[in-house]
Structures are given as structure tokens and as C-alpha cells.
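In: Below: sequence and its predicted model.
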Number of protein chains: 2
Amino acid sequence: MADIRFPVERLQTFIQAAFAAQGVPGEHARTAALRMIESDLRGMGAHGILRLPPYSRRIREGGYNLNPRIKVTRETPVSALVDGDNGLGQVVMTFVAGLAIKKARESGMCWVGTHHDNHAGCGGVYASLPLKHDMIAMYSTVANANHMAPWNGVDRLLSTNPLAIAIPAGEEPAVVLDIATTVVSYGRIKLAAQRGETMPAGWMIDPKGEPLTDPNRSDEGFLLPIGGYKGYGLNFILGALAGVMNGAAFGSAVIDFNKDFKSTTNTGHLYFVMRPDLFRDLKAFKEEMDFRIREIRNSTPMEGKGPILLPGELEHRSMKEVREKGVPINETLLKQLRELAASLKLADRLEG
Amino acid sequence: MADIRFPVERLQTFIQAAFAAQGVPGEHARTAALRMIESDLRGMGAHGILRLPPYSRRIREGGYNLNPRIKVTRETPVSALVDGDNGLGQVVMTFVAGLAIKKARESGMCWVGTHHDNHAGCGGVYASLPLKHDMIAMYSTVANANHMAPWNGVDRLLSTNPLAIAIPAGEEPAVVLDIATTVVSYGRIKLAAQRGETMPAGWMIDPKGEPLTDPNRSDEGFLLPIGGYKGYGLNFILGALAGVMNGAAFGSAVIDFNKDFKSTTNTGHLYFVMRPDLFRDLKAFKEEMDFRIREIRNSTPMEGKGPILLPGELEHRSMKEVREKGVPINETLLKQLRELAASLKLADRLEG
């Protein structure tokens, strides 16, 4: 069955209503719905409404604190440690972004770390929040399931630790990098299994180091880092900065949130915002960003390849398309959403 | 012929004397020699004394300003833009590291950008300088030769833009990531050519996108980024932050310093230093770094593989070995160094 497209506003309203019906305070429900639908708009469906069923299960099983007191527990003019009090990650990270933007406006830059936080979804969504303030942002987190081993090892001690960095431009869309430090995300593996696809060599290996190509056997293997030992190293560094430095989970302390819906995840994030006009006149900076973007976009494509894209360009195009055509919902997800809607007596909100 | 090992101190003294004999002021010669020999100590020979002949040629051809006035031209308590006045990159970046550490001590963190700077060598050397002050550091630069095309493209607009990040630990060696955003450096390709080796698929591609495996044909092809489009994106982002944001060269503005020894390179660097105790008690942070490092090092290796290493561990081991056994110098380099020594009447300083 082909995906069915649902209007953006209807899904956003539905997510908000579903959170509220499960006891999430109104403003928090609104914020979480907004951040999730922004993922769908960017074409990052793996972090959008797809997450509503597992988040709802975590609510039911008591894994979240629905009335968190989000607190700044350490603070300087350029930094903060935020205790998420086990609230929804989207709510905590929206608070974090607001705080970091405010401090960066006053002091030039700001680094905020979180602990006692939760999965917040798409890194590119958060990295993009300071763009309208003409600021640069960087986001990372210790991802919530260990599917990777240390380089040359077989123990699952590392996750997909993503990195997102957004840089404003002038007339051109901002450049937004949003990558896992693994070759593919675990969500992509699950999708291959659903579709009955074989995985190419280079996505996963088995415990003997041989390519693992059957996605149904993914539990037996390990995701591969980008660039081999280089991506492994970057993954560890991001884990140390987003996890260890904030007193948040990393390594063997990570809870697999796909299997355990009760335990507190103690997720850590890092979030850094900086004003480029610390270094250069803003107008000149944005004009040269445009120039370099165009120089690359208009460069010669390989025969039979192209177009040449900048980081974030696909997401930028997706936003227009999804707003016009709606969010694509696959059969499996639609069934889950309908069940959730029925149980919460919100069927009319989903179906419109 | 096997590499010949030269004592560290003798080479350091020789580099310093060679710079001084070519008109570099005494203190600058001392600093540049120290940074270069630190690369050799880390086993990063591509950025060590190997660079003395090409740097010397650049001096002879007028590509450097040997008496630079290194200036801070924009400044806040947490940032600085440094104009390197076309001085030796090692000298400029040593000034930058000192400035960043001082400001981070006072303000918690500091980001310094440079322009009118030059190639500075091994990123891990600079990222490691704040470690003794219990600070975290990040380093990147727009590398000085474009050997990469945009993803799906064939125009040489990107270089190997490296990323180095250092994080202190307690009893364990610090974790120091030091990677190019390409699968291999161009220096590694040149080494393969010297050795008559074939390159594995995945290092370079030709203009049709096919694997290029003959290192003697490297001029026809392009280095591949780590993780495909992901590494391409990270490479662009680092170029924008180290280049565009500082008003330094990026994209088509990059001078190939292997071919042009006269033109000003206007190299840009980024350098960020932060105190981890903004977020967590330093002792607790360092203890958990040790714990996570050991958890990974002591995890189960793949059959026939191992040992499991942390980022920077090879460099840490190298330092002890090179200090004891000396810096390995290959035949080609030795010939170049002897010619240089003879021309500067410093043969006795090299041969000891």
C-alpha cells in the first residue's frame, strides 16, 4: 500500500491532543507536537509522528515525568547545565535552545549541556532554531540504543551519536548538516527489514567482521561508523561531551529505549550557539556563504549524477513539498496511530 | 633503504636553526620547530620535519612574511579574530592557543578564528595544548590544497579539512581525535605512489565515479569523504566556519601550496577551548572519562582483531617510542634535509 498523506496541521493538532490526553501539560504538548512535526516537514520521518506510539507507550509505562521542573543547575554568562527532570526531550531541548539563544545574544556564544533528559528527535530541528537570529548552532546527543561496538570490538557500547550543525546564509537556504556518526541509522535498518530489502555491504557487520546484509538479523551485528576508526572516534568524542561532561548516560549506562519503556534514560545533549558577527560583519558573512553555496551548487556534476546538493538542501525542499502535499504515513504507522487515537477517543482529530 | 632514526632534540634544534638561518626571528623559529617536532613525536610525520623543505622553499620564494605583526582585530571576553599577517602557521596558532586558554580560564570558553594565516601542521598538536590546563579543545582549518569535489561533482573545490578534538581524562591518556574529513589524506596517497602500492577502492574515485587505485594517477581523481555525503557535508561546514566566517580562503579561493610557493594562502583556522568544569566537578568528570575509556579498552575484541584503541592512543604510544628511538626519516626526506642543511651551512647540526 502506498503511503497516505495527511495534512501537516491536522497531524500536529493530533499529536498535541494525544499528549494532552495522556496527561502532558498543555504548553508541553504543544511544544513537543511542534518539534515532532518539524521533523516530518524536513523529511526526517524517523523523528516525527512515527515516534508518537513509542513515546505514548513510555508515558503509559511510567518512563517519563510528565510534570518536570526543568532547572538550570550550573550557569555562567556563556554556559548552563540543564536538568531535564526526565521530561519530554522536545520540551527540554526547546527550553535549552531558548536559553542558549538568549545568552548568545548577550555574550556572543553559549554552550548548554543537559542531563536527566530524553530523546528529543531530529538534531537538525534544534540546530535550525537559532538561524532566524542569524546564529550558528551545533547539537549532539548520546543516542538511546547501543547498536555499535568499539572499532575492532564486539561489545555494544556505542550508539549512533548524531551531529547537527546549522549555519545561516543570505538569500540561499541555511546550510544544515544533520548526520548520524554511523553509516546509516538503526531506523534505516528497520525500514529495510519492513521492505524485505537486502542491505549493502558497509552498513553493518557481524561479530566476525563480515558484512551483514540481512536486516532481519540486525540484532546479531553492529552498525558501522562513518570513515571506519574516524567515525568511531568522533562518536566517542560526542558521547563524552554530550554524556560524560553532563553527568548523563554513555557507554554501558545507556538504556535501550526501544526495549525498556520504564527506566529513566538520563539522556544527555550538547547544544552550542554562536554569533558569526563576532568574527566578521554579518552582511559580508552571509553574502560569502551565498557565494560559496552557489559555487558548489553550480559546479560540474559527474556524468549521470547530480544535482549537486548542499547539506540541508533536501530538507529545505522537503519542507515546501510536505506543507503542500502532507506528511506521508505508511500502513504500519497508520495502524498504530489509529489504535492510539481510538484508545484516547481522538479518532476524529486524526481522520479529520 | 630502511628509515634512519634521528634523535628528537637534534632534529628540533636543526629545524630551529634552519628557520633562523633563513631569516625567521629566533622566538618564532623556536616555536615552529617545537610544534613540528611534536607532530613527529605523535607519529604524524606528514606534519613534522617532512614539511621543512617545502616551508623553506616558500620562504625562499617569498610566500611568507617572516616578521609578521600577529594582531587581534576583533575581540570579546569569549572570542577573538586573529590576523596572522601571513606568518608561519605554527607561530600564529601557538599565539592563538595561548590567547584562547587565557580567555577560557577567565570566561569559561573561547573561540578564536584566524585569517591571513598559513598551514600549521598537525591539528592534534594544537588541540592538545589546553589539556594540561584541564580544558577541552577543538581545532579545524581549510586545508591548503583542493583534492576533493563536491558529492556527485567533479570540480576540485574542497580540501581535506581536518577536525581535531581533545578531552582530558584522569589517570588515562587524554582522548584526542585527529582526523581528516576525507577517507585518507593526500599525503597518504603520495606515500602509496612512492612505495609503488595500489590503493584500495574507497580512497579515491576518477571523474566517472569509478575507484581510482593507481596512486600515480591521483591528479586525475578526487579524494573521497568519510561516510560519503556525510563527510562531504562536514567538510563544507568546517570550511565555512574556519574559512568563510574568518574572511579566509575557502572553495575556489584556496591556493594549492604544493604547487604555488609565492601566493599568500590566507589560511583560516578555528580554535575553541572550553572548561569542562562549567558543567561538572572536574574530578568527577575526569574519573568518569577514565571509567568510559577503560570500559571500551577492556571490551571484547573481534576474533583476530585488537587491541581496542581510544582516539589518540596510538599517538600517545608513539610519543614514548619516538622519544626513545628517534624520529624515523626516510631516504627521500633525508636527501632533502641534507641538501637544505648544506645550503644553509648547517650540516653539522643535522648530522650531529
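Out: Thanks, I have the structure now. Values in this document were obtained by computation on a predicted structure and should not be read as measured data. Numbers count the residues shown, from 1 in each chain, chains lettered A, B, ... in the order given.
In: Let me see the contact set for residue A:118.
Out: A:64, A:84, A:86-89, A:92, A:144, A:265, A:267 (Cβ atoms under 8 Å, 6 or more residues apart in numbering or on different chains). Bear in mind the C-beta positions are built from the backbone N, C-alpha and C, glycine included.
In: Filter these down to just the ones in strands.
Out: Counting by DSSP state E, those place residue A:267 in strands.
In: Check which helices and strands the helix or strand bottoming out on mean pLDDT in chain A is in contact with.
Out: Lowest mean confidence among the helices and strands of chain A (mean pLDDT, DSSP states H and E): helix A:186-195, at a mean of 85. The helices and strands touching helix A:186-195, judged by 3 or more Cβ pairs under 8 Å, 6 or more residues apart in numbering or on different chains; DSSP states H and E, number zero.
In: Now find how far off-centre that helix is within its chain.
Out: Averaged C-alpha coordinates place helix A:186-195 at 17 Å from its chain's average position (Cα atoms, centre = their mean, to the nearest Å).
In: and that helix, which residues are buried?
Out: For helix A:186-195, the neighbour count (16 or more other Cβ atoms under 10 Å in any protein chain shown) marks A:186, A:188-189, A:191-192 as buried.
In: from those, which is closest to chain B?
Out: Nearest to chain B among these is residue A:188, at 12.8 Å by Cβ to the nearest Cβ.
In: Can you tell me how far the closest one is from residue A:223?
Out: 10 Å (Cβ to Cβ, to the nearest Å).
In: Look up the residues that both of these two are in contact with.
Out: residue A:203.
In: Tabulate the contacts of residue A:118 (CSV), appending pLDDT, distance to chain B and neighbour count.
Out: Listed next are the contacts of residue A:118 as CSV, based on pLDDT from 0 to 100; distance: Cβ to the nearest Cβ, whole Å; neighbours: other Cβ atoms under 10 Å in any protein chain shown:
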residue, pLDDT, distance to chain B, neighbour count
A:64, 98, 24, 22
A:84, 98, 14, 29
A:86, 98, 19, 19
A:87, 98, 19, 25
A:88, 98, 22, 30
A:89, 98, 18, 27
A:92, 98, 15, 27
A:144, 96, 17, 20
A:265, 98, 17, 26
A:267, 98, 15, 29
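In: and which of the contacts of residue A:118 is nearest residue A:33?
Out: residue A:88 (10.3 Å; Cβ to Cβ).
In: could you list every residue that touches the closest one?
Out: Counting by Cβ under 8 Å, 6+ apart, residue A:88 has contacts A:19, A:24, A:28, A:32, A:55, A:64, A:68, A:118.
In: could you pull out the helices for the stretch 101-250 of chain A?
Out: A:123-128, A:186-195, A:229-242 (DSSP state H, counting those that start in this stretch).
In: how about the contacts of residue A:118 in CSV, adding distance to residue A:210?
Out: Shown next, in CSV, are the contacts of residue A:118 (distance: Cβ to Cβ, whole Å):
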residue, distance to residue A:210
A:64, 40
A:84, 40
A:86, 40
A:87, 42
A:88, 40
A:89, 36
A:92, 41
A:144, 28
A:265, 32
A:267, 33
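In: now residue A:126: how far from residue A:39?
Out: 10 Å.
In: which of the two has more neighbours?
Out: residue A:126 (28 against 24; other Cβ atoms under 10 Å in any protein chain shown).
In: Quick one: neighbours of the closest residue to that one other than its chain neighbours, just the number.
Out: The spatial neighbour of residue A:126 that comes closest, neighbours along the chain excluded (Cβ to Cβ, 6 or more residues apart in numbering or on different chains), is residue A:139 at 4.8 Å. Neighbour count of residue A:139, defined by other Cβ under 10 Å: 28.
In: Beta-bridge partners for residue A:139, please?
Out: Beta-bridge partners for residue A:139, by DSSP bridges, are residue A:164, residue A:271.
In: Tell me who's in contact with it.
Out: With Cβ under 8 Å, 6+ apart, residue A:139 has these contacts: A:123, A:126-127, A:162-165, A:269-272.
In: One more: residue A:246?
Out: A:81, A:113-115, A:268-270, B:279-280.
In: Alongside chain B, which residues does the stretch 251-352 of chain A contribute?
Out: Contact residues, the stretch 251-352 of chain A versus chain B (Cβ under 8 Å from any Cβ of the partner chain): A:251-252, A:274, A:276, A:278-280, A:284-285, A:288-289, A:292, A:295-296, A:299-303, A:305-311.
In: re the thing from before, give me the residues contacting the least confident helix or strand of chain A.
Out: Residues contacting helix A:186-195 (Cβ under 8 Å, 6+ apart): A:46, A:145, A:147, A:160, A:198-199, A:203-204, A:215-216, A:218, A:223, A:332.
In: which of those count as buried?
Out: Of the contacts of helix A:186-195, these count as buried by 16+ other Cβ under 10 Å: A:46, A:145, A:147, A:160, A:199, A:203-204, A:215, A:218, A:223.
In: okay, among these, which ones form the most distant pair?
Out: Among the buried ones among the contacts of helix A:186-195, A:145 and A:199 lie farthest apart (Cβ to Cβ), at 17.8 Å.
In: Once you drop chain neighbours, what's closest to residue A:312?
Out: residue A:176 (3.1 Å).
In: In contact with the one you found, which residues?
Out: A:124, A:127-128, A:164-167, A:311-312, A:315-316.
In: any idea how far residue B:230 is from it?
Out: 13 Å.
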